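>>> sequence-free structure coming up:
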């Protein structure tokens, strides 16, 4: 409609609060489409991002002493909220950092990029949610977008009551804990542990080096589950009676399975379990270097 | 506003302003430039990791029958865009965060290096073991990723899993 | 690049964003990305260098090539990829001026007996082009950097290692000479 073209420039608002902000209170609101793309960019702080049923975003709380300016730019289709830092400051770690709450339409597409901020995302179910931080933790509560991508370096990732169709969570040294998972899931860490429980899992890949993998899964009829740990344990629990195609292998650990098949020991080190139940379409691949592989049942 | 004496001769300024300011150079010039571009200098550790990563890729392709998908990096474009955004956050002013991240990277590096050492020792005793080669290839790729994150200070994990198809 | 924005960016902002992406890629060794930077920026750099070189096309093209080779080697020094054009300009100006200082002894009176060079592009104002390249070197440099490269007297002073006041005086001298020669 022509009126939309006319209104777009009017609704495009550039808002900048500049200068040393010194723990200033913020209360900002903008009209926002329910499926808008919203970007939050910050370095430090604690951020709560909560989905609501309104057609707006609302930012409230306190800006940290390390924030040089708050920039809000865009339109109801796409908002970018950025906290710019004070330049070249010393003793940065001792300054009070931001504590903000951001309400967004629950169907919004959210991208949150931070460095050392902690993020808590609640009640979001848009097309996609992306959140990344370097050293902060990320917690998700009832976050169910179609696509979920979460990344940290040293922070932990915890998700409760969610379940996207496509889930990807990565950390370097942090732990990954995912409950209520569904769909396709990729979990990767190096030093951290991985813990996942989920239903209607189509595809699960989990990889760690020194951590353990604990997975309690109700797979779909043709699911593919691939778990890998170097020195950690791989523990996979599946519903009793699940018919599987199993390929499990370890170099110096043990393999135990409640789903049939015999563990083979070759001439050299290493143990393998290859077994295929009649008509089985669910595939499980588990591999470790020195950790144990345990496939067990739950009722 | 620049202060000059243009007020004294606006006609000269108009002529100067009208001079050609854009002209595409001879295409051969680019080829001359391209031929002189040296390989981009990278940190020595990263160069070593790249070479090792290349070897790991060769090893991995030899064991491709265990992989259902080729070793792709489907998240790379998104990670690169994210890295640019992180660079725009002026990391020079946030030493505390990088210290924490560095500690995390060091821990992961140590774990991965220990894994590589174990795998190599095991391969000496069991040369050609397919499981060990597979694990070693994954560990080498992980090593290259960790060095890349430490060297660029982007510190955003990079996916190397197979692509999730929509 | 990220997804297209719902609100279209102004052209200049879009170009800066594209430059930033190309610089990031070139830093990782992506030559195609660097070629993209060349194709975007060589066109405005060459006319400036040609005039600094007093119409010596070969020298201007050498400077152009050297500027891009140095840019490739020094990309890590560029913190903000979107500032590539200004950074490239400074790099090119510095190497051009340094090269001319090194060759100064051989350039004295070089142009006095030669035919005025013509620019490689179809010149709308050939008289002015010839007048510029015939200016004494320092006056020509200041005029080109001020009027055609958009530098201020402080920046010109830094590039040429002269006082901003001297830069202003040289600009005045250049303009006076141009008016005389165009009259």
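Arrived safely. Quick caveat, the model's predicted, so the values are computed rather than measured.

>>> Stretch C:23-31: which residues count as buried?
For stretch C:23-31, the neighbour count (16 or more other C-beta atoms under 10 Å in any protein chain shown) marks C:23, C:24, C:25, C:26, C:27 as buried. Heads up, the C-betas are built off the backbone N, CA and C, glycines and all.

>>> what about that stretch, near chain A?
No: Stretch C:23-31 does not reach chain A (C-beta under 8 Å from any C-beta of the partner chain); its nearest approach is 15.4 Å.

>>> pLDDT averaged over that stretch - what is it?
Average pLDDT, stretch C:23-31: 88.

>>> next one: stretch A:206-218
94.

>>> Any idea how far that stretch is from the middle of the chain?
Mean-position distance between stretch A:206-218 and its chain equals 15 Å (C-alpha atoms, centre = their mean, to the nearest Å).

>>> And for stretch A:30-44?
Distance, centroid of stretch A:30-44 to centroid of chain: 18 Å (C-alpha atoms, centre = their mean).

>>> could you measure the residue of chain B found nearest chain A against residue A:66, distance?
Residue nearest to chain A within chain B: residue B:104 (2.7 Å; C-beta to the nearest C-beta). In this view, residue B:104 and residue A:66 are 22 Å apart by C-beta to C-beta, to the nearest Å.

>>> ok, now which ones touch residue C:99?
C:59, C:63 (C-beta atoms under 8 Å, 6 or more residues apart in numbering or on different chains).

>>> any idea how far chain B is from it?
Remark: distance between residue C:99 and chain B (C-beta to the nearest C-beta, to the nearest Å) = 16 Å.

>>> Next: residue A:35.
When residue A:35 is compared with chain B (using C-beta to the nearest C-beta), they lie 17 Å apart.

>>> what's near enough to touch that residue?
By C-beta under 8 Å, 6+ apart, the contact set of residue A:35 is A:105, A:107, A:108, A:109, A:126, A:127.

>>> Repeat the analysis, applying 10 Å as the threshold.
Applying C-beta atoms under 10 Å, 6 or more residues apart in numbering or on different chains, one finds that residue A:35 lies in contact with A:77, A:105, A:107, A:108, A:109, A:126, A:127.

>>> before we move on, what about residue A:140?
So residue A:140 contacts A:49, A:119-122, A:124, A:129, A:131, A:148, A:150, A:157-162, A:164, A:167, A:169, A:178-180 (C-beta under 10 Å, 6+ apart).

>>> who does it bridge with?
residue A:121, residue A:159 (DSSP bridges).

>>> List the buried residues in stretch A:289-299.
Buried residues in stretch A:289-299, counted by 16+ other C-beta under 10 Å: A:289, A:290, A:291, A:292, A:293, A:294, A:295.

>>> Within reach of chain B, which of those residues are there?
Among those, the ones lying near chain B by C-beta under 10 Å from any C-beta of the partner chain are A:289, A:290.

>>> Of the buried residues of stretch A:289-299, which is the nearest to chain B?
Nearest to chain B among those, with distances taken as C-beta to the nearest C-beta, is residue A:289, at 5.5 Å.

>>> what about the closest one, distance to residue A:173?
Taking C-beta to C-beta, one finds residue A:289 at 19 Å from residue A:173.

>>> anything in stretch A:60-76 near chain C?
Yes: contact of stretch A:60-76 with chain C (C-beta under 10 Å from any C-beta) involves A:73, A:74, A:75, A:76.

>>> buried set for that stretch?
With burial defined by 16+ other C-beta under 10 Å, the residues of stretch A:60-76 counted as buried are A:61-76.

>>> Might you enumerate the residues of the stretch 101-250 of chain A proximal to chain C?
Checking the stretch 101-250 of chain A against chain C by C-beta under 10 Å from any C-beta, the hits are A:109, A:111, A:128.

>>> helix or strand right after the longest helix seen in chain C?
Longest helix of chain C, by residue count under DSSP state H: helix C:31-52. Next helix or strand after helix C:31-52 toward the C-terminus (DSSP states H and E): helix C:57-73.

>>> still on that earlier bit, make TSV out of the residues of stretch A:60-76 next to chain C and add pLDDT and secondary structure.
Output for these, formatted as TSV (pLDDT from 0 to 100; DSSP: H, G, I helix; E, B strand; the rest coil):
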residue	pLDDT	secondary structure
A:73	93	strand
A:74	94	strand
A:75	94	strand
A:76	94	coil
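
>>> and of the residues you listed, the nearest to residue C:55?
Relative to residue C:55, the closest of those is residue A:73; by C-beta to C-beta it sits at 46.1 Å.

>>> Can you name the residues bridging to that closest one?
residue A:14, residue A:80.

>>> Confirm residue B:148 sits in a helix?
Yes: secondary structure of residue B:148 (DSSP: H, G, I helix; E, B strand; the rest coil): part of a helix.

>>> Give me the neighbour count for it.
Neighbours of residue B:148 under the rule other C-beta atoms under 10 Å in any protein chain shown: 20.

>>> repeat for residue A:246
For residue A:246, using other C-beta under 10 Å, the count is 25.

>>> I'd guessed it sits against residue A:262; true?
No: under the criterion of C-beta atoms under 10 Å, residue A:246 is not in contact with residue A:262, lying 11.0 Å apart.

>>> the helices in chain C, which residues?
Secondary structure of chain C (DSSP H): helices at C:11-27, C:31-52, C:57-73, C:84-102, C:104-107, C:126-133, C:137-143, C:153-160, C:164-182.

>>> and the ones you listed, which one is worst for confidence?
With a mean of 44, helix C:104-107 has the lowest mean pLDDT of the helices of chain C.

>>> follow-up on the earlier one: so which of the residues of stretch A:60-76 next to chain C is the closest to residue A:214?
Proximity of the residues of stretch A:60-76 next to chain C to residue A:214, judged by C-beta to C-beta, is greatest for residue A:74, which lies at 41.8 Å.

>>> so what's that closest one closest to, chain neighbours aside?
In this structure, residue A:74 finds its nearest non-sequential neighbour in residue A:80, 5.2 Å apart by C-beta to C-beta, 6 or more residues apart in numbering or on different chains.
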